[in-house]
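Engineer: The amino acid sequence is not available; the structure is as follows:
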Ligand code: ZN
């Protein structure tokens with residue numbers, strides 16, 4: 001069994017399609033989505049439909065929540081608020097209901113998935129170092145937990161203490177817990193503009209991170225044509 005674990009798609013259809021194509025070429029058998037299907041980029045409906053049709057386990061991201069509710073966006077930063085207002089207009093009632101019904105945390109087989117952290121999933125805390133990861137581990141009852149939200153791939157391991165190792169290829173060892181951020185498909189922020197996701201090979205106990213180039217020019221063109229903030233197109237090529 002080989003599972004592609006991907007999240008923070010953010011309505012980037014070209015990146016999502018490239019990731020799914022790569023996963024198929026890597027003989028992936030299962031798919032799991034860590035949320036933030038929509039928000040920022042120009043293809044929220046198409047990305048949502050694609051993932052909904054796949055029927056894979058999916059958890060709710062903060063942008064999925066914002067897009068499925070009608071509350072005010074005044075407290076958001078102006079660029080995100082403009083994009084979210086536009087995103088809400090692109091989705092029909094069924095699509096918004098699908099987002100609304102997504103769960104915050106799910107157990108899939110013997111591992112857990114969450115968009116941000118397990119300690120307070122609705123607070124959408126950002127885990128950027130091993131100290132942030134410590135609070136998550138107190139609530140992690142499976143050996144593996146996958147998450148996203150920061151758009152930066154990271155691997156935290158808890159044995160006697162919590163440490164961080166490079167997000168490349170990780171062999172799962174007994175007597176340790178793993179809290180793994182699989183990075184972002186549609187808006188990476190670690191300086192590498194390529195789409196990011198991970199493949200979990202259950203038989204060999206190996207997790208491998210993948211970086212995939214995609215047709216970013218088309219994504220950027222769609223952002224500008226939709227009248228979304230220019231900065232959203234620019235940040236894609238910077239990977240920030
Ligand atoms: Zn996100």
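Structural biologist: Thanks, I have the structure now. Bear in mind that the values here come from a model prediction, so they are computed numbers and not experimental data.
Engineer: Let me see the contact set for residue 214.
Structural biologist: 12, 14, 15, 17, 18, 19, 194, 195 (C-beta atoms under 8 Å, 6 or more residues apart in numbering). The way it works is simple: take the backbone N, C-alpha and C, and place the C-beta from them, glycine included.
Engineer: what about the helices in the chain?
Structural biologist: 13-25, 44-54, 62-68, 78-90, 93-100, 130-137, 216-225, 230-238 (DSSP state H).
Engineer: out of those helices, nearest to the ion?
Structural biologist: helix 62-68 (5.9 Å; C-beta to the ion).
Engineer: Please name the bridge partners of the closest residue to residue 168 other than its chain neighbours.
Structural biologist: Counting by C-beta to C-beta, 6 or more residues apart in numbering, residue 168 lies nearest to residue 209, which is 6.0 Å off, once chain neighbours are set aside. Judged by DSSP bridges, the bridge partners of residue 209 are residue 198.
Engineer: Need the pLDDT of residue 63.
Structural biologist: On the pLDDT scale, residue 63 is placed at 97.
Engineer: got the contact list for it?
Structural biologist: 10, 36, 37, 38, 39, 40, 84, 87.
Engineer: and residue 162, how many residues sit next to it?
Structural biologist: 18 (other C-beta atoms under 10 Å).
Engineer: pLDDT score for the closest residue to it other than its chain neighbours?
Structural biologist: Distance criterion C-beta to C-beta, 6+ apart; nearest residue to residue 162, sequence neighbours excluded, is residue 130 at 4.6 Å. At residue 130, the model reports a pLDDT of 94.
Engineer: Over to residue 39?
Structural biologist: On pLDDT, residue 39 comes in at 96.
Engineer: Flag every residue of this protein that's near the ion.
Structural biologist: 8, 36 (C-beta under 5 Å from the ion).
Engineer: What is the end-to-end distance of stretch 30-44?
Structural biologist: 23 Å (C-alpha to C-alpha, to the nearest Å).
Engineer: thinking again about what came up before, most packed of the helices of the chain?
Structural biologist: Mean neighbours per residue, mean count of other C-beta atoms under 10 Å, is largest over the helices of the chain for helix 62-68, with a mean of 22.
Engineer: okay, the helices of the chain in TSV with distance to residue 145 next?
Structural biologist: Compiled in TSV, the helices of the chain are given as follows (distance: least, C-beta to C-beta, whole Å):
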stretch	distance to residue 145
helix 13-25	21
helix 44-54	20
helix 62-68	18
helix 78-90	26
helix 93-100	22
helix 130-137	7
helix 216-225	30
helix 230-238	28
